[in-house]
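Q: Sequence first, predicted model second:
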Amino acid sequence: MLAHARTLATRSARLRHSRFYSAQVRDDSRWPGWDVVVGIEVHAQIKSRVKLFSGAEDAWTPDYHLPANTSVSTFDAAFPGTLPRLNPKCVELGVRTAIALNARVQQRSAFDRKHYFYADLPQGYQITQHYAPFATDGRLELEGGETCVRIKQIQLEQDTGKSTFDPRRKLSSIDLSRAGAGLMEIVSEPDMRSPEEAGHYIRALQAVLRSVGSSDGNMEQGSLRCDVNVSVNRRGEPAGTRCEIKNLNSVKFIMVAITSEVRRQIDLLESGGSVAQETRGFDEDKAETYSLRSKEDAPDYRYMPDPNLPPLLIDELYVSRIREKMPELPDATRARLLALGLSRRDADVLMDVDSGREVKFDGALAPGPVAYFDQISQGGRDPKVVVNWITHELLGQLAFRNESFSKNPISAEQMGGLIDLVQRGELTGTAGKTLLRHMLDKPSDRSASDLARELSLLAGADDAVVLEKWCAEVIAALPQEAEVVRRGNVNVLNKILGRVMKLSKGRADAKAARDTLLRMLTGK
Ligand SMILES: Nc1ncnc2c1ncn2[C@@H]1O[C@H](COP(=O)(O)OP(=O)(O)OP(=O)(O)O)[C@@H](O)[C@H]1O
Ligand SMILES: [Mg+2]
Ligand SMILES: [Mg+2]
């Protein structure tokens with residue numbers, strides 16, 4: 001009876017957590033009558049200069065332009081007699097990630113050896129926490145909080161080296177620089193129901209990792225790598241057999257690979273066949289998955305506890321200290337920005353994971369567009385005006401120059417000064433943009449108003465006189481158009497006005513210029 005009650009309680013907890021058991025699954029017109037089930041294993045490189053077990057002597061930089069084998073300690077190369085020593089920074093960044101993913105940090109976890117024989121793994125085994133991970137039972141809400149993906153576990157493990165094969169010379173090269181670097185394996189429950197949801201999950205996870213500073217989460221550079229498990233079943237039937245697609249390296253390829261794998265499995269089942277559990281690769285050119293090895297060929301990893309590493313003990317005080325220092329998480333940031341009156345789009349642009357925000361080593365963060373926005377809008381500036389200048393003008397100009405936000409040379413103070421000049425009417429909007437361009441062209445630490453004065457961009461006291469001079473000059477240059485306006489056809493005025501604005505290099509106030517022209521031409 002008690003056991004039954006417990007089962008029911010567990011089941012209803014699950015019901016609350018996973019949409020899989022509760023809400024109706026919508027039919028997908030791509031595969032009507034079928035349900036798609038996806039679970040993802042993410043390997044995220046921990047942003048610590050020191051590897052997971054090989055001590056401070058081998059500080060490494062994940063810079064792939066460096067020559068091979070430049071950051072390898074004797075431990076990484078598995079010299080006999082070398083011993084592992086756990087890097088506490090990796091534990092701290094792991095715990096930060098676990099807290100951000102609402103996971104339970106285990107007071108006791110342990111390290112196992114997972115054996116396989118491959119040239120980029122000199123020890124002959126990888127140290128991992130597959131059986132006793134340091135965090136379990138997390139969850140990550142996807143956009144809008146409608147869907148929630150449960151996180152089964154987060155474990156610490158070593159990265160391998162890198163092997164490259166040159167088919168021409170039939171030569172394999174091994175680079176051990178990466179060997180032994182710290183990874184977090186974040187294993188999701190099979191809670192995603194479409195290729196798009198898998199994409200949202202990875203994006204949301206990237207945002208979390210970056211916001212806590214535990215990983216770059218950059219798929220292109222390999223600091224975030226995904227193994228994607230896919231199965232299909234007819235609506236109402238239990239989940240099917242999963243295939244695992246290894247090593248996908250972009251969100252786009254994840255979605256394409258899932259779509260093509262779903263098609264393959266459905267075709268197999270519809271033609272009376274069955275899906276065999278196997279590990280598959282993804283061919284980017286053909287947009288197809290292909291078999292790597294079947295379950296029968298799966299290696300026997302001969303897991304065993306690592307005798308050289310004691311269990312990892314994490315006490316509650318340690319966790320609560322980290323919890324107190326947690327930075328703002330993406331969901332909270334988005335909610336705060338929306339509450340300030342920003343549009344969803346503007347909030348997304350500020351928070352964009354690809355905006356060039358840098359995660360520095362050991363979890364420090366370079367300020368991204370959101371922090372820049374926060375600094376500028378302090379002191380009572382209108383948040384909507386500030387976000388406009390950042391997203392449209394600044395990010396626009398930077399994009400035009402093919403530069404990311406991390407290259408922005410304009411300080412928050414300078415940008416705030418520029419916005420104030422425009423808001424107070426001392427600078428026209430167009431002159432403000434000219435000033436912004438100048439600040440990007442010639443970075444300096446001078447204030448916006450000094451620069452505006454120096455460039456004669458400020459709208460001054462003798463404005464009206466200058467404006468009349470510009471108008472007169474343009475009227476003289478466009479006698480025919482001026483005549484048409486004089487005869488009462490005001491439509492042509494815009495052409496004359498355009499010339500005045502051009503002549504003033506944007507310094508003229510458009511409305512004042514229009515009024516002046518009308519007065520000079522029609523007396524009104
Ligand atoms: N029916 C299913 N359809 C799709 N995904 C599934 C299904 N069942 C389980 N999964 C997913 O498969 C993944 C299993 O990962 P896990 O690390 O636990 O084991 P593994 O793949 O056997 O081990 P390894 O780490 O050696 O690859 C999880 O992400 C889980 O959500
Ligand atoms: Mg796994
Ligand atoms: Mg796996």
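A: The structure has been received and is ready for your questions. Just so you know, these numbers come straight off a predicted model, no measurement behind them. Numbering: from 1, shown residues only. Ligands and ions are numbered 1, 2, ... in the order given.
Q: in the protein, what residue is nearest ligand 1?
A: Residue nearest to ligand 1 within the chain: G39 (2.2 Å; Cβ to the nearest ligand atom). All C-beta atoms are positioned from the backbone trio N, CA, C, and that covers glycine.
Q: That residue falls within a helix, correct?
A: No - assessed by DSSP: H, G, I helix; E, B strand; the rest coil, G39 does not belong to a helix; its assignment is strand.
Q: Pretty sure it sits against D191.
A: Yes - contact criterion Cβ atoms under 8 Å: G39 and D191 qualify, at 7.1 Å.
Q: Show me this structure divided up by domain.
A: By the record's domain assignment, the chain is partitioned as 34-305, 328-455, 463-522 (the TED database).
Q: So the helix or strand where E261 lies, near ligand 1 or not?
A: Using DSSP states H and E, E261 falls within helix 251-270. No - Helix 251-270 lies apart from ligand 1 when judged by Cβ under 6 Å from any ligand atom; the minimum separation is 10.0 Å.
Q: could you say what helices and strands that helix packs with?
A: strand 34-45, helix 195-212, strand 224-234, strand 243-248, strand 278-283, strand 288-294 (3 or more Cβ pairs under 8 Å, 6 or more residues apart in numbering; DSSP states H and E).
Q: Could you pull up the mean pLDDT of the first one?
A: So the one you mean is strand 34-45. The average pLDDT within strand 34-45 is 97.
Q: how many degrees apart are that strand and helix 251-270 in direction?
A: Here strand 34-45 runs at an angle of 140 degrees relative to helix 251-270 (axes from the mean of the first three to the mean of the last three Cα atoms, to 10 degrees).
Q: which parts of the stretch 201-350 of the chain sit against ligand 1?
A: Counting by Cβ under 6 Å from any ligand atom, the stretch 201-350 of the chain sits next to ligand 1 at N229, V230, S231, A239, R242, E244.
Q: one more time with 8 Å, if that's ok
A: Taking Cβ under 8 Å from any ligand atom, the part of the stretch 201-350 of the chain that reaches ligand 1 is made up of D227, N229, V230, S231, A239, G240, T241, R242, E244, Y301.
Q: Considering the residues you listed, which possesses the most neighbours?
A: Sorting these by how many neighbours each has (other Cβ atoms under 10 Å) puts V230 first, at 29 neighbours.
Q: Surely that residue touches I245?
A: Yes - the criterion here is Cβ under 8 Å, and V230 meets it with I245 at 6.8 Å.
Q: Need the residues touching each of those two.
A: Common neighbours of V230 and I245, using Cβ atoms under 8 Å, 6 or more residues apart in numbering, are I258, E261.
Q: got any ranges where the stretch 401-524 of the chain has weak pLDDT?
A: 459-462 (pLDDT under 70).
Q: can you check the chain too?
A: Within the chain, the set of residues satisfying pLDDT under 70 comprises 1-25, 56-64, 144, 353-358, 459-462.
Q: would TSV of the helices and strands packed on helix 251-270 with distance to A412 be doable?
A: Below are these laid out as TSV (distance: least, Cβ to Cβ, whole Å):
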stretch	distance to A412
strand 34-45	30
helix 195-212	20
strand 224-234	30
strand 243-248	38
strand 278-283	43
strand 288-294	47
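Q: Excluding chain neighbours, what is closest to V485?
A: L521 (4.8 Å; Cβ to Cβ, 6 or more residues apart in numbering).
Q: cool, L478 as well?
A: Nearest residue to L478, sequence neighbours excluded (Cβ to Cβ, 6+ apart): I496, at 5.8 Å.
Q: What strand or helix carries I99?
A: Per DSSP H and E: helix 88-100 holds I99.
Q: which other residues reach that helix?
A: By Cβ under 8 Å, 6+ apart, helix 88-100 touches 44, 46-48, 50, 52, 104-105, 134-135, 138, 154, 156, 182, 184, 186, 208-209, 211-215, 312, 314, 318-319, 322-323, 326, 329, 362-363.
Q: wait, isn't R507 in contact with G432?
A: No - R507 is beyond contact range of G432, at 10.5 Å (criterion: Cβ under 8 Å).
Q: where do the strands sit along the stretch 51-200 of the chain?
A: Remark: strands assigned in the stretch 51-200 of the chain by DSSP state E, counting those that start in this stretch are 104-105, 108-109, 112-115, 125-128, 135-141, 148-158, 162-166, 171-175, 182-188.
Q: Looking at these, which one is packed in the most?
A: Greatest average neighbour count among the strands of the stretch 51-200 of the chain goes to strand 182-188 (a mean of 24), per mean count of other Cβ atoms under 10 Å.
Q: Give the buried residues for stretch 208-222.
A: Going by neighbour count (16 or more other Cβ atoms under 10 Å), the buried part of stretch 208-222 is 208-219, 222.
Q: do you know which of the strands of the stretch 51-200 of the chain lies nearest Q480?
A: Checking these against Q480 by Cβ to Cβ gives strand 135-141 as the closest, at 64.2 Å.
Q: Please list the residues of this protein that sit near ligand 1.
A: 37-41, 114, 130, 152-153, 185, 187-191, 227, 229-231, 239-242, 244, 301.
Q: Bridge partners for the residue of the stretch 51-200 of the chain found nearest ligand 3, pull those for me.
A: Nearest residue of the stretch 51-200 of the chain to ligand 3: V187, at 7.9 Å (Cβ to the ion). On the basis of DSSP bridges, V187 is bridged to E41, Q153.
Q: That one touches K152, doesn't it?
A: Yes - using Cβ under 8 Å, V187 makes contact with K152 at a distance of 4.6 Å.
Q: How are the strands of the stretch 301-450 of the chain distributed by residue range?
A: Using DSSP E, counting those that start in this stretch, strands in the stretch 301-450 of the chain cover 304-305, 312-313.
Q: Which residues does the first one contact?
A: The set of residues that contact strand 304-305 without belonging to it, under Cβ under 8 Å, 6+ apart, is A110, F111, D112, R113.
Q: swap the cut-off to 7 Å and go again
A: By Cβ atoms under 7 Å, 6 or more residues apart in numbering, the residues outside strand 304-305 that reach it are A110, D112, R113.
Q: ok, so of these, who is nearest F400?
A: Taking the contacts of strand 304-305 together and measuring to F400 by Cβ to Cβ, the closest member is D112, at 51.7 Å.
Q: Quick check: the residue nearest to the closest one when sequence neighbours are not counted vs T259, distance?
A: The shortest distance from D112 to any non-neighbouring residue, by Cβ to Cβ, 6+ apart, is to Y303 (4.9 Å). Distance of Y303 to T259, given as Cβ to Cβ, to the nearest Å: 34 Å.
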